[in-house]
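Engineer: just to be clear, the model below is a prediction. Sequence and coordinates:
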Amino acid sequence: MSAVPPGPAELAREVQEFQRRLAASASTLARLPEVTLATAPRDAVAVDGKVTLYRYRSEARLAGLPPLLIVFALVNRPTVLDLQPDRSLIRALLAAGLDVYLLDWGYPDRSDRHTTLADYTTGHLHRAVLRLGAEHGPINLLGVCQGGTLALLYASLEPKRLRRLVTMVTPVDFQTPDNLLSRLARGVDIGQLVDTFGNVPGELLNATFLSLMPFRLSLQKYLALVDGADDPRQLEGFLRMEKWINDSPDQAGAAFREFLTWFYQENRLVHGTVSLGGRPVDLGRITMPVLNVYATADHLVPPSASRALGALVGSRAYREVAIDTGHIGMYVSSRAAKVPDAIAGWLKGE
């Protein structure tokens, strides 16, 4: 039997209730203090141009492992890894006894428009690894999203400097059939885009990401905001996510041109045709243990794009962990609560 459609009186009541909850949400939002992100205590241990190497303080007993260096994407800020005290990948890794460092790429400006992927990878990242390795020997590296791709490039070129490698929601095969972002990127005239802007505006990239799933990423989240009208904590979480989403750095023109062309348009990582500074990148040279963590409902990096890594690395100790969440959910959702323990346990050899 088909459901009986609501009558005019019932529809009017539902509209009035929606308006009431919308007004309640707006009122609560207006009273909330400004939210802050990335509150875990940390110290800047090195500054390399606009790039900063941070070490996080921890009250937990260290597990006696080499440092874990986190490399985040260029296209977003790493503050999502420490969104709030009870939703923080970084705090959970610290609680597990890990010595956590983060490489913060900063905010490129016009003077950085000629910065290349080699500058980021064999330059900034390499110098950070050398600094930590001088004291600790081979270190552990965690690459997140686009940062995972950079970590793979580096691990291929400098495998002896890494003890273990972790990739999280990392694209490897950029042309799988279910990759919506790839289909869009392959139609972009990246040369004209970079020649026009110099650096690619962060606002433009934000609009592109939202266009992939407009209902889910736009309208649906505001409907959820209305549902949380009576829950200040839920509204604070909404504000934190909005603050992070809208804090998108511009992208250095040369590096962005290379990344989109080499990977999305030419899929060079899979074909083995990437070269950085005249040095060929061969994922088969990645022989250290590798943990690949991916999200089963990821709309930006489909599981197939990430799982391709297993057939390309030379490591005999390759492991995958699938998390039933989306791309951003990997950092902040309750379903991803087991991710820090999985990483920490694997680094400890458990």
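Structural biologist: Perfect, I can see it now. Numbering: from 1, shown residues only.

Engineer: Gly326 in helix, strand or coil?
Structural biologist: Applying DSSP: H, G, I helix; E, B strand; the rest coil to Gly326 yields a three-state assignment of coil.

Engineer: let me know the pLDDT of the closest residue to Asn267 other than its chain neighbours.
Structural biologist: Spatial nearest neighbour of Asn267, chain neighbours left out: Gln175 (4.7 Å); criterion: Cβ to Cβ, 6 or more residues apart in numbering. Any C-beta I mention is one placed from the backbone N, CA and C, and that applies to glycine too. Listed pLDDT for Gln175 reads 96.

Engineer: looking at the chain, which helix or strand is least sure?
Structural biologist: Of the helices and strands making up the chain, the lowest-confidence element is helix 214, at a mean of 52, by mean pLDDT, DSSP states H and E.

Engineer: circling back to that earlier point, so what's the residue nearest to Asn267 up against?
Structural biologist: Ser182, Arg186, Tyr264, Asn267, Val270 (Cβ atoms under 8 Å, 6 or more residues apart in numbering).

Engineer: Serialize those residues to JSON lines and add fields for secondary structure and distance to Gly253.
Structural biologist: JSON lines is the format used below for those (DSSP: H, G, I helix; E, B strand; the rest coil; distance: Cβ to Cβ, whole Å):
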{"residue": "Ser182", "secondary structure": "helix", "distance to Gly253": "21"}
{"residue": "Arg186", "secondary structure": "coil", "distance to Gly253": "19"}
{"residue": "Tyr264", "secondary structure": "helix", "distance to Gly253": "16"}
{"residue": "Asn267", "secondary structure": "coil", "distance to Gly253": "22"}
{"residue": "Val270", "secondary structure": "helix", "distance to Gly253": "25"}
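
Engineer: what's the closest of the residues you listed to Ile323?
Structural biologist: Ser182 (21.6 Å; Cβ to Cβ).

Engineer: contacting residues around that closest one?
Structural biologist: Ser182 neighbours (Cβ under 8 Å, 6+ apart): Phe174, Gln175, Thr176, Tyr264, Ala305.

Engineer: which of those residues sit farthest apart?
Structural biologist: Once Cβ to Cβ is applied, the contacts of Ser182 give Thr176 and Tyr264 as the farthest pair, at 11.5 Å.

Engineer: with adjacent residues omitted, what lies nearest to Arg163?
Structural biologist: Arg163 sits nearest to Pro138 (Cβ to Cβ, 6+ apart), 4.1 Å away.

Engineer: contacting residues for the one you found?
Structural biologist: Pro66, Lys160, Arg161, Leu162, Arg163, Met288.

Engineer: circling back to that earlier point, nearest to Ala344 among the contacts of Gln175?
Structural biologist: Nearest to Ala344 among the contacts of Gln175, with distances taken as Cβ to Cβ, is Val270, at 30.3 Å.

Engineer: measure that closest one to Asn199 for me?
Structural biologist: 28 Å (Cβ to Cβ, to the nearest Å).

Engineer: hmm, back to that, just the buried subset of the contacts of Pro138, please.
Structural biologist: Pro66, Arg161, Leu162, Arg163, Met288 (16 or more other Cβ atoms under 10 Å).

Engineer: ok but Arg163 is inside a strand, no?
Structural biologist: Yes - according to three-state DSSP, Arg163 belongs to a strand.

Engineer: separation between it and Met330?
Structural biologist: 23 Å.

Engineer: equivalent analysis for Ala155, please.
Structural biologist: 21 Å.

Engineer: quick check on Arg240: phi, psi?
Structural biologist: phi -60, psi -40 (degrees, to the nearest 10).

Engineer: likewise for Arg42?
Structural biologist: phi -150, psi 160.

Engineer: wouldn't it be in contact with Arg55 here?
Structural biologist: Yes - taking contacts as Cβ atoms under 8 Å, Arg42 lies within contact range of Arg55: 6.4 Å.

Engineer: from the contacts of Pro138, which two are the most distant?
Structural biologist: So, those by Cβ to Cβ: farthest apart are Pro66 and Lys160, at 13.3 Å.

Engineer: quick one: low-confidence parts of the chain?
Structural biologist: Low-confidence segments of the chain, defined by pLDDT under 70: 1-7, 11-12, 14-32, 210-230.

Engineer: please, where are all the strands along it?
Structural biologist: Ranges of strands within the chain are 42-48, 51-56, 68-71, 82-84, 87-88, 100-104, 139-144, 162-168, 275-276, 279-280, 290-295, 318-323, based on DSSP state E.
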